[in-house]
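Engineer: I would like to see how this sequence folds:
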Amino acid sequence: RMETDCNPMELPNNTGFEEDSDYRDFEGTDVKDMRLEAEAVVNDVLFAVSNMFVSKTLPCAEDVAYINVETRERNRYCLELTEAGLRVVAYDFDQTDDRLHTPYHETVYSLLDSLSPAYREVFGNALLQRLEALKKDSQS
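Structural biologist: Numbering: from 1, shown residues only. Reported below is the predicted structural model:
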């Protein structure tokens with residue numbers, strides 16, 4: 001069975017997540033590889049979009065997770081995260097459209113850069129501010 005609804009009771013015993021594991025600290029105990037990766041992706045770029053969160057409706061598994069994102073332009077997307085990268089799978093939260101064949105992006109930055117000019121601007125400005133701060137630090 002490839003997909004699971006992330007119910008920890010259904011996890012096989014050989015997942016490697018022990019009872020005293022650090023993974024317990026994450027929301028509930030329904031954590032698997034791609035869900036952790038998805039949470040990291042969200043935390044990385046949340047500042048540059050209107051809203052972004054890991055889907056609690058769509059099934060997550062060791063090899064796939066879904067992320068909902070709303071750009072600053074108010075466009076909504078559902079993203080699929082796999083080993084191949086990230087791609088848009090629907091134009092709304094918690095949806096997948098099998099007819100949609102969008103390209104994979106290696107990074108969330110690349111994907112959002114292609115979807116949202118406002119993301120590009122906010123992210124670019126944050127980068128410039130960081131560079132300015134580094135420059136000041138090195139001069140003092």
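Engineer: Can you verify my assumption that residue 108 contacts residue 44?
Structural biologist: Yes: Residue 108 is within contact range of residue 44, at 6.5 Å (criterion: C-beta atoms under 8 Å). The C-beta positions use only the backbone N, C-alpha and C, and glycine is treated the same way.
Engineer: So for these two, which sits in the more crowded spot?
Structural biologist: Each of residue 108 and residue 44 has its neighbours counted (other C-beta atoms under 10 Å); residue 108 has more, 24 against 13.
Engineer: how about residue 116, what does it touch?
Structural biologist: Applying C-beta atoms under 8 Å, 6 or more residues apart in numbering to residue 116 gives the contacts 49, 71, 72, 73, 75.
Engineer: Let's see that with 6 Å instead.
Structural biologist: Counting by C-beta atoms under 6 Å, 6 or more residues apart in numbering, residue 116 touches 71, 73.
Engineer: For residue 45, see how far away it is.
Structural biologist: As judged by C-beta to C-beta, to the nearest Å, residue 116 and residue 45 stand 10 Å apart.
Engineer: what residue ranges in the chain are flagged as low confidence?
Structural biologist: For the chain, the stretches flagged by pLDDT under 70 are 1-32.
Engineer: how about the strands in it?
Structural biologist: Secondary structure of the chain (DSSP state E): strands at 51-54, 65-70, 76-82, 85-90.
Engineer: Indicate which one of those is closest to residue 34.
Structural biologist: Among the strands of the chain, strand 65-70 comes nearest to residue 34, with 3.9 Å by C-beta to C-beta.
Engineer: Export the closest one to PDB, keeping only CA atoms.
Structural biologist: The C-alpha coordinates for strand 65-70 follow below in PDB (Å, rounded to 0.1, in the frame of the first residue of the first chain):
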ATOM      1  CA  ALA A  65       3.500  15.200   0.600                       C
ATOM      2  CA  TYR A  66       1.200  18.000  -0.500                       C
ATOM      3  CA  ILE A  67       1.600  21.700   0.200                       C
ATOM      4  CA  ASN A  68      -1.100  24.400  -0.200                       C
ATOM      5  CA  VAL A  69       0.200  27.800  -1.100                       C
ATOM      6  CA  GLU A  70      -1.500  31.100  -1.700                       C
END
